[in-house]
Every structure is written in structure tokens, then in C-alpha cells.
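J.: Output the structure for:
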Amino acid sequence: MNYKLALFVCLLNLSYSFSQENSNGKPNVVFIISDQHKLEGSGAYGNSLAITPNIDALAQTGIRFTNCYTPAPVCAPARAALMTGMYPYANGAVYHKAPIKMPNGRIKNIGSGYLRETGYHDGIETLAEVFKTEGYSTASPGKMHVHGELQKNVDEDHKEGNSMGFDEASVRFYTYFPGGHYEDEVGEDEYMRYRQFKKYKDVYKGGASDINTDYHTTLVNNDEDNFDMVVARKGIEFLDKRAKDGNNFFLYLGFEKPHPPFTTTQKYLDMYNPKDFTLPDTYNDWYKKGKYPWVPNWVHSGVPKDLEKAQNVMAAYYACVTEMDDMVGRIVKKLKDDGLYENTIIIYTTDHGEHLFEHGLRGKHCMYEDAVNVPFIISYPKLFKQNVVNNSLVSFVDIMPTLTELISGKTPETAQGVSLVDILKNGGELKIDRAVYSEFRGTNYNLLPDIKNVPSRMMRKGDYKFIYTHGIIDQLYNVKEDPDELDNLIFKKQYEKLYRSMFFQTLSDWRFPEYSPMEISLENHVMNWPKSDEFKSYDIYFSTTNNSEEADLISENIHSNSFTANKAGYYWVVAHMNLVKTTKFYGDDIPVALENYSYTLPVSDPVYVAN
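T.: From the prediction side, this is the model:
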């Protein structure tokens, strides 16, 4: 080999080695988040019909979690929770569209990207900002949909904007982002063709513009101009730059499929036969029983009367899943081609699930497992276990402390989750007895038709899941024994203690706009609270600390509006709703909703009583 050739080979090897392992030894991170991908929507999670070779490969080279819960069964609050490492109530970004009072007094619901005040609280360090502090190059092509992100000169009070820590942001969707929106990449006409709204809606009849009952292709002229293809292309451009400069990187990829409309290119539709699909066992549940009191009316959108139409919808959904999976494959291939794969942590998840006719429902917007339990896969063969299934209860709020530990960064004090690094490296389950939560603000409930942003919160602990919906009857399920959540255990005496405990823990620290805790006055060790027709009885919890997780039930079913505290410590008053309205679902014998809606939460702040 001559001298020049030998030198070239040497330099090539050095370059490859450099791209494989950054000089500081820290791993890169590619975080892939899709939209509305149900847990059972891939081969990795046991679906024999789903064509998802790339997501399946990530599971084979990493850890697949079976009990990962989104902090909200709707896009914007879930994504803000992920970026801040905090639950929606804590970071302040609680709404999908934020209600803003206009100068004329009317309330207008504002989407993300318009106002800083509708977003997460000032002073919260985001996940991308943590990476920036550690010297990483950061990019986020695709859907972000976080209230708080702003382009410059959009909000008059925040002209500097808020990049949330990203060096590069592009192909935004559902977020007002002038100059950096998907429409700016493909043009308004192609954007409208992709969304299939307004002038293109007439092309599809019978609701096909949303769920594709007629199994049509996308209207986008060029297949590579579809949203996820553009996002993948931007991601690949970013990776090429990092392969050249050797910088550590955090790449956040926001794919949009399989979110409606369930339309994609002919290539992916041809990969499925709608006749292979069958409706889930629970598809006619609410048809038989009546609408669920705790699910908004529009989610009861129902199953098409024509079975063939329903099969088309299911096949179209999975065709969209396969399109998105193909883009995952493009990213992984680029990592390998550029010599970046070995030193890159790859995460795949989605913001929330999709019912796809489970319980006869469509979409998300409630606390059933199909909406809140989501796929979550982490692959890093260099350090983590491979082809492992983990049943630990985890949440999006765990992502920040996990990644900050892996890059030797500092986890912000505001983060509410726990690090998963130990179980990623060593296997096994989380060794803590923890609860995870999800929350939602919904409207158009059958029994609360005029109430906007009705709050609900879910608590999952062990095998049990408790769901509180303000003003509506509670739910308690054993999701291991009753995975379809058909047996509400609140009616069974043997679960009363568990029910009371989970009710209290779910409400004890949950505070958010419009709603207030019960007001308690204290005089000579006597706690008093206002009489209220909304509440029928009260419980008292006590702890020597102000940590509600350490509190015990010391008195129950109090029918007066006072309690005498006989020892020093912290007390909580918990109220039980006086439900009156009935519905077909439970019949006339079981009240399921308040007669007069209240904005008082049925729990007090902790009250300290001295000796």
C-alpha cells in the first residue's frame, strides 16, 4: 500500500472511530415519538397483523415496557409533561387548547405557539435545555405541540420567543410556528391535501376524511411530501451534520402518524387486507349499556354500521402505523450508515393511545387502558439489556431523570419522575412501590353538557387503577384480572379500604386553575368547613408530616362539618360527592353525577395542628 493510500485509510478509520464514540464518552440520544399509537399496535407488543419491523427490531435490541402511562390522554399536555419531566398540574400546561378570556369577555380556546402565558410555568428547565447545558447539539423536526414554545416576535410580551433548548426546530404541526411549519416545507396546498380539510373534504364521503372508511390514499401529490417523510428527511440531514462534526446530539423526532386522518400512500395500504381485521370483543359495550358517564360524548363516535367500513378503518390505521415505522427504519439506518448507532440511545414511544373501537370508542380523551397505556421502548445494546420485557409502572415523567443520569447531567429539581437506569442496565423491576398518574380536561359529558374542561385524574398502583372524574361517579379496576375494565370495584365491600385510599392519594396534591380545595378553618383544635349540598360525608386523614403518602385514615363517614384534632400533626379532610343524576349505564338505582356542578375539589390542603 503506498504512503498516501495508507494515510487516507488511517484518517478514514480515525474519522469513523470519532463518530462512533465522542471524545467525552457521552451517548447521543434519538427520541422518537409518534402520535396516537395504541399499545397493541405493533408486532413487538404481540399484534400479528401489524407490520412494524423497525419498532420490533428496537424491542429486540432493548427493553420493552408494558406499563408505561402517558401523563395525559391528549397531545399537548402529554408532550409538555415529557419535555418538563412534570405532570400537567405541576408544570401548568394542563390544556390541549388553553381557554383565554378575550377583551370582549368571551372565552377563546388558543392552540400552542401563540402565547407564553398558556404554556408551562416560567423557570422550568426542559429536557432539551438539560442537553444544551451538557454541550449537546439539539434538534426537533416534526410535531412538538407544547404550550410554551414560541417563535420570535409572536407574543408581544415575549418577543425573544422560547426555543425550549433546541438549536433547530422545523416541520411543526398543530403549533403556530411561522417559517418553521410543515406548510412552509410543502406549501399550503399540499398541507391541506395532507389534512384533507376544507376544500378537499368533499373528496371523501361518510367521514372518510377523518378515519378513512373508504380506504382511500392520501391526497398529497408527492409521497415524500407526506408529513412523516419530511420529518425523517430533516432528521437525516441533522444526523449527517453530526457525523461530520462529531458533536454529541439530542434528536427529538415528532412523527404524526397514526393520528387521523387515517390516510397514507398506496404502498402502505397495499400491505394490508381489511378483511383480515375483526372488531374487538368490547366493541358493542356502550351500545348495550348506554354511554359511559365518564367518557365525553364525541368519543362515543361509534362503530360504522357496515362491518366492511369498520374493517377499512382498522386496516387504514395500521397502514399509517407501518408508514411511521418505515420512517423509524430510515433513521436507524442513517445512524448505522454514519457510524453513530453504537453510541446512540434510541427511544420509541407515543403521546397517547387510540381505542380503535375498543369499548365501541374512537380516539382517546379518557382513562381506559387503550388511551393511557402506551408503547415505550429503549434500545442501547452497548449498555442496556436486550430483548427484555419489563412490567414496571413507568411514566413520561421518568424520561428526564433517566436521560440526565445517562449523560451525566444534572436532573432539574422540578422533575417528578424516577430514573430507570438501574433496571435498564441490570434488568428486574423497579424496587419502589410507586404510583403513576394521568390527567385530562374534557367537555361535552352526557350528564354535564354545559361544563367546560371537566377535570379527571387516573392513579395506577400495583394491579389497580382508580379514576376520578369531577362531578361523576368514580371507577376502580383490577387491570390484571380485568384488562377490559368492565368490573367497577367501587361497589364491592372488600375493596372499600383500597378505594378510599386511592381516592385520597389521587386528589391530595392535585391543584390547577378554576378549581379550589375545601376551605378549612381551625380554632382551638377544632377544624370546621362550610356546609355543602355537593358533599354527603367526610373522611379525615392524619400524618406527622405534610406528606400525604404517609397519611392514614383516622375517621370516616363523618356527617357533620367539623372535627376535633386530638394530636399534633397534619390533617386532611376528604369529601364524598352527593351524586344525584342517573343514566342508562347504571340504571335508576345508582346516582352517577352531581345535580349542581361545583368547582370545589373534595379534599382540603393539609391543616397543621400544634400541641
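J.: does Leu556 belong to a helix or a strand, and which?
T.: Quick fix: residue 556 is Glu, not Leu. strand 552-558 (DSSP states H and E).
J.: Please tell me how far that strand is from the chain's geometric centre.
T.: When C-alpha coordinates are averaged (CA atoms, centre = their mean, to the nearest Å), strand 552-558 and its chain have centres 34 Å apart.
J.: got the residue ranges for the helices in the stretch 451-600 of the chain?
T.: Along the stretch 451-600 of the chain, the segments classed as helices by DSSP state H, counting those that start in this stretch run 496-507.
J.: Tell me where it has strands.
T.: 454-461, 464-469, 472-478, 516-518, 521-523, 526-528, 535-543, 552-558, 562-564, 569-577, 600-604 (DSSP state E, counting those that start in this stretch).
J.: and these, which is most packed in?
T.: strand 464-469 (a mean of 24; mean count of other CB atoms under 10 Å). Using the backbone N, CA and C atoms, a C-beta is placed for each residue, glycine as well.
J.: Helix or strand next in line after the lengthiest helix in the chain, which one?
T.: Longest helix in the chain, counting residues (DSSP state H): helix 307-337. Downstream of helix 307-337, the next assigned helix or strand under DSSP H and E is strand 344-350.
J.: distance between the helix or strand just after that following strand and the chain's centre?
T.: Remark: after strand 344-350, the chain's next helix or strand is helix 369-372, criterion DSSP H and E. Distance of helix 369-372 from the chain centroid (CA atoms, centre = their mean) equals 10 Å.
J.: cool, stretch 121-134 as well?
T.: On CA atoms, centre = their mean, the centre of stretch 121-134 falls 19 Å from that of its chain.
J.: how about it: buried residues?
T.: Ile124, Glu125, Thr126, Leu127, Ala128, Glu129, Val130, Phe131, Lys132, Glu134 (16 or more other CB atoms under 10 Å).
J.: Phe250 versus Leu553, what's the distance?
T.: For Leu553, the distance to Phe250 equals 45 Å [CB to CB, to the nearest Å].
J.: and if you look at Gly587?
T.: In terms of CB to CB, Gly587 sits 54 Å off from Phe250.
J.: Show me which of those two is the more surrounded one.
T.: Counted by other CB atoms under 10 Å, Gly587 and Phe250 do not tie: Phe250 has more neighbours, with 25 against 11.
J.: quick one: contacts for the more buried one?
T.: Going by CB atoms under 8 Å, 6 or more residues apart in numbering, Phe250 touches Asn28, Val29, Phe31, Leu127, Ala128, Phe131, Tyr136, Ser137, Thr138, Ala139.
J.: Check which helix or strand the closest residue to it other than its chain neighbours maps to.
T.: Distances taken as CB to CB, 6 or more residues apart in numbering place Phe131 nearest to Phe250, at 4.0 Å, with adjacent residues excluded. Phe131 belongs to helix 127-133 when assigned by DSSP H and E.
J.: Remind me what that helix packs against, helices and strands.
T.: helix 75-84, strand 137-141, strand 249-254, helix 399-406 (3 or more CB pairs under 8 Å, 6 or more residues apart in numbering; DSSP states H and E).
J.: so of those, which one's packed in deepest?
T.: Counting by mean count of other CB under 10 Å, helix 75-84 has the highest mean neighbour count of the helices and strands packed on helix 127-133, with a mean of 29.
J.: now the following helix or strand past it: how far from the chain's centre is it?
T.: Per DSSP H and E, helix 75-84 leads on to helix 88-91 as the next helix or strand towards the C-terminus. In this view, helix 88-91 has its centroid 13 Å away from the chain centroid, taken as CA atoms, centre = their mean.
J.: Save the strands of the stretch 451-600 of the chain as JSON lines, and put in mean pLDDT and distance to Lys38 too.
T.: Shown next, in JSON lines, are the strands of the stretch 451-600 of the chain (pLDDT from 0 to 100; distance: least, CB to CB, whole Å):
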{"stretch": "strand 454-461", "mean pLDDT": "98", "distance to Lys38": "17"}
{"stretch": "strand 464-469", "mean pLDDT": "98", "distance to Lys38": "17"}
{"stretch": "strand 472-478", "mean pLDDT": "98", "distance to Lys38": "18"}
{"stretch": "strand 516-518", "mean pLDDT": "97", "distance to Lys38": "35"}
{"stretch": "strand 521-523", "mean pLDDT": "96", "distance to Lys38": "48"}
{"stretch": "strand 526-528", "mean pLDDT": "97", "distance to Lys38": "46"}
{"stretch": "strand 535-543", "mean pLDDT": "97", "distance to Lys38": "37"}
{"stretch": "strand 552-558", "mean pLDDT": "96", "distance to Lys38": "37"}
{"stretch": "strand 562-564", "mean pLDDT": "96", "distance to Lys38": "46"}
{"stretch": "strand 569-577", "mean pLDDT": "97", "distance to Lys38": "32"}
{"stretch": "strand 600-604", "mean pLDDT": "97", "distance to Lys38": "31"}
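J.: Contacts only, for the residue nearest to Phe250.
T.: Residues in contact with Phe131 (CB under 8 Å, 6+ apart) are Val29, Thr138, Gly165, Phe250, Leu403, Ile407, Gly409.
J.: still on that earlier bit, export the strands of the stretch 451-600 of the chain to CSV and tack on distance to Met102?
T.: What follows is the strands of the stretch 451-600 of the chain, written out as CSV (distance: least, CB to CB, whole Å):
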stretch, distance to Met102
strand 454-461, 22
strand 464-469, 29
strand 472-478, 30
strand 516-518, 24
strand 521-523, 37
strand 526-528, 40
strand 535-543, 34
strand 552-558, 44
strand 562-564, 43
strand 569-577, 33
strand 600-604, 27
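J.: what's the closest of the ones you listed to Asp338?
T.: strand 454-461 (39.5 Å; CB to CB).
J.: helices or strands next to the closest one in the packing?
T.: For strand 454-461, the packing partners by 3+ CB pairs under 8 Å, 6+ apart come out as strand 62-69, strand 435-442, strand 464-469, helix 496-507.
J.: Could you rerun that using 10 Å?
T.: Strand 454-461 is packed against strand 62-69, helix 88-91, helix 369-372, strand 388-395, strand 435-442, strand 464-469, strand 472-478, helix 496-507, with contacts defined by 3 or more CB pairs under 10 Å, 6 or more residues apart in numbering; DSSP states H and E.
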